[in-house]
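Enquirer: Below are the sequence and a predicted model for it; my questions follow.
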Amino acid sequence: MKKILFLAAALFAFAACNDKPLDDNGTEVKDAISVNPGSASFGKEGGNAEVAVTSTGTWTMTSDKEYSWITPSAKSGKDGAVVKFAVAANETAEEQNAVFTFKTGEATATFTITIAAGDVVGPEPSVQFELADPAQKNLTFEVGGGNAMVNFNTSLTSGDIAVATSAGADWVTAKLASVTTPVLGIVIPANTGAERTATVTLSAEGANDIVINITQKGGSEPEPSDKVNVVNFDGACLYSNWPSPAPFTDMTTFTAEMLVNAESFYKGSNPDQEINTLIGIEGKFLIRIIGASGSDQGDVEIVYTNNSECKLNGVASISTNKWYHIATTFDNGKIALYVNGEKKGEKDLDNGVTSVTLQTGEWTEETSWGSARNFYLGFSCDNRRCLKGNMSEVRIWNKVLTESDLKAAGHFYSVDAASSGLIAYWKLNEGSGDVAKDATSNGNHLKGHTGLATNNAGGSTWDTENIYWTEVDEITVQ
């Protein structure tokens, strides 16, 4: 009897030690962990990154050493957690790298961070050596050529200074005059080809180099174009397969904004379906423009559907062939619409929605009205809801931008890709190819489809994977 009791106690102790989860068949679940993305790269200014952790159990994070320039938001957590990394500017002259290891049980995954080399100020030169006129640092010559005399403030003599021209700049003659105070003479011959550039470098022991930039205008090449690349959405759309979906899931606050120029609101189809979609997911969240003829043509509206559709509309309208900045904010169930930085209206969603997910994972072609919906720019449901016009500077933030933020100098036309809270930034200015890049570290690039089937009432088909790039004159919001 004692032997039986001893054996039972041993079995109980072994079971107590084996605390790993079991599946429905009683089989021990193997440890697994992954992080998305697996790496992030920054310029010398640093920035912020977010990492989504998927694991079979609780996890811990360690690093191969202490990094004073990186601050993580957490070092342990559960499946589905998002860890934020704040990366400070690089104050060294070398690229820096860091490795973080996430572990659950015996499984591990790594996340690496790279930051470009910073600028390091060297010691002050021991010899005074500078241009007498700083404007001569950049010299421009006409097609016919010419000459220039460059003077210096220095205690050096001509014999102390070395002169060198850049590779291939044999058309530049640069010599120091043999006088007590050095003077550099530059002679440029006539140019019959394209615009050309060169540098002349003056160096001396114990002194910083002086670099003089030379540009000569071309004799045959046309002036460069000052036009801007944008994307045209007439029978086309953009979509993402969301390699980094975590920042777009269950957002309680966000801002979506873009520059829009509609060529036409009505496309000659069924008036009931004349809608110009800007951004979003059909049946979830959309920003769009009414296209059917009538008093509401050109109205901008925000639509959210969760069993029942609700809208913010009738508060703002736009015209065709004119650039506008359109933005919407979402704040725990309250939406607001801005046009050119001015708040036009706001509303509490009347269906109890307090969060929005703007990613749908894998892209799939919509073949019927009942098919799964996906995130698009310039498209929803079918081709009759495409935008007939151009877009640029599309951004999504995980915070609510204020009217002051939207009206900040230059905000309509460009922002820093490393701005706090900016989780997607599609400039739409590449000008070629079938990819519109996400300028943020999330890397959710957009792919393009063109040639949507004409008047397709049951969904949409695509002729090819491409993007309609077009050049426009300077974008100006009036």
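Expert: Received it, and whenever you're ready, just let me know what you need. Residues are numbered from 1 along each chain as shown.
Enquirer: State the helix or strand in which the nearest residue to I210 once chain neighbours are set aside lies.
Expert: Ranked by C-beta to C-beta, 6 or more residues apart in numbering and with sequence neighbours excluded, the top spatial neighbour of I210 is L202, at 4.4 Å. Just so you know, the C-beta spots here come from the backbone N, C-alpha and C atoms, and that holds for glycine as well. Using DSSP states H and E, L202 falls within strand 196-203.
Enquirer: List the contacts of the nearest residue to F152 once chain neighbours are set aside.
Expert: Distances taken as C-beta to C-beta, 6+ apart place P182 nearest to F152, at 5.5 Å, with adjacent residues excluded. Contact partners of P182, counting by C-beta atoms under 8 Å, 6 or more residues apart in numbering, are 152, 154, 156-158, 161, 176.
Enquirer: I only care about those residues that end up buried; give me the PyMOL line for that.
Expert: Those of those that count as buried under 16 or more other C-beta atoms under 10 Å are selected in PyMOL with:
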select buried, resi 152+154+156+158+161+176
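Enquirer: What is the neighbour count of the closest residue to A162 other than its chain neighbours?
Expert: Leaving aside its chain neighbours, A162 sits nearest to S203 (5.0 Å; criterion: C-beta to C-beta, 6+ apart). Residues lying near S203 (other C-beta atoms under 10 Å) number 15.
Enquirer: now swap in the one 4 residues further on and tell me
Expert: Residue neighbour count, defined by other C-beta under 10 Å, stands at 18 for A207.
Enquirer: Domain map for this structure?
Expert: 1-121, 129-216, 229-472 (automatic domain parsing).
Enquirer: First-to-last residue distance for the last one?
Expert: The distance separating the two terminal residues of domain 229-472, taken as C-alpha to C-alpha, to the nearest Å, comes to 6 Å.
Enquirer: Now find how far off-centre it is within its chain.
Expert: Domain 229-472 sits 16 Å away from the centroid of its parent chain (C-alpha atoms, centre = their mean, to the nearest Å).
Enquirer: The closest residue in space to E403 that isn't next to it in sequence sits in which helix or strand?
Expert: Nearest residue to E403 in three dimensions, chain neighbours excluded: K343, at 5.7 Å (C-beta to C-beta, 6+ apart). In the assignment (DSSP H and E), K343 maps to strand 342-348.
Enquirer: what's that strand packed up against?
Expert: Applying 3 or more C-beta pairs under 8 Å, 6 or more residues apart in numbering; DSSP states H and E, one finds that strand 342-348 contacts strand 308-312, strand 334-339.
Enquirer: Determine which stretch of the ones you listed is the most buried.
Expert: Comparing those by mean neighbour count (mean count of other C-beta atoms under 10 Å), strand 334-339 ranks first with a mean of 21.
Enquirer: Please tell me how far W469 sits from N208.
Expert: 44 Å (C-beta to C-beta, to the nearest Å).
Enquirer: any idea how far the residue nearest to F152 is from G146?
Expert: Taking C-beta to C-beta, one finds P182 at 21 Å from G146.
Enquirer: Check D382 too.
Expert: Taking C-beta to C-beta, one finds D382 at 63 Å from G146.
Enquirer: repeat for T157
Expert: The separation that T157 has from G146, given C-beta to C-beta, amounts to 27 Å.
Enquirer: any idea whether N442 is helix, strand or coil?
Expert: coil (DSSP: H, G, I helix; E, B strand; the rest coil).
Enquirer: on that earlier part again, what's the average pLDDT for the strand holding K343?
Expert: For strand 342-348, the mean pLDDT works out to 93.
Enquirer: what's next to that strand, contact-wise?
Expert: 300, 310, 312, 314-316, 333-338, 403.
Enquirer: would you list these in TSV and tack on pLDDT and distance to M391?
Expert: Shown next, in TSV, are the contacts of strand 342-348 (pLDDT from 0 to 100; distance: C-beta to C-beta, whole Å):
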residue	pLDDT	distance to M391
V300	93	14
C310	78	25
L312	86	20
G314	86	23
V315	89	21
A316	89	17
G333	88	27
K334	92	26
I335	93	20
A336	95	21
L337	96	17
Y338	96	16
E403	93	22
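Enquirer: Least confident secondary structure element in this structure?
Expert: helix 2-17 (a mean of 43; mean pLDDT, DSSP states H and E).
Enquirer: Next SSE downstream of it?
Expert: strand 33-36.
Enquirer: May I have the strands that pair with that next one, each with its orientation?
Expert: strand 47-55 (antiparallel) (DSSP bridges).
Enquirer: hang on, the earlier thing: by contact count, what packs against the next helix or strand along the chain from the strand holding K343?
Expert: Next along the chain after strand 342-348, taking DSSP H and E as the criterion, comes strand 375-377. Packed against strand 375-377 by the contact rule (3+ C-beta pairs under 8 Å, 6+ apart) you find strand 236-239, strand 275-281.
Enquirer: what about the residue lying closest to I467 once chain neighbours are set aside, how many neighbours?
Expert: Nearest residue to I467 in three dimensions, chain neighbours excluded: G448, at 3.4 Å (C-beta to C-beta, 6+ apart). Neighbourhood size, G448 [other C-beta under 10 Å]: 23.
Enquirer: Would you mind naming the residues that bridge with G448?
Expert: Assigned bridge partners for G448, using DSSP bridges, are L238.
Enquirer: Done for today, thanks.
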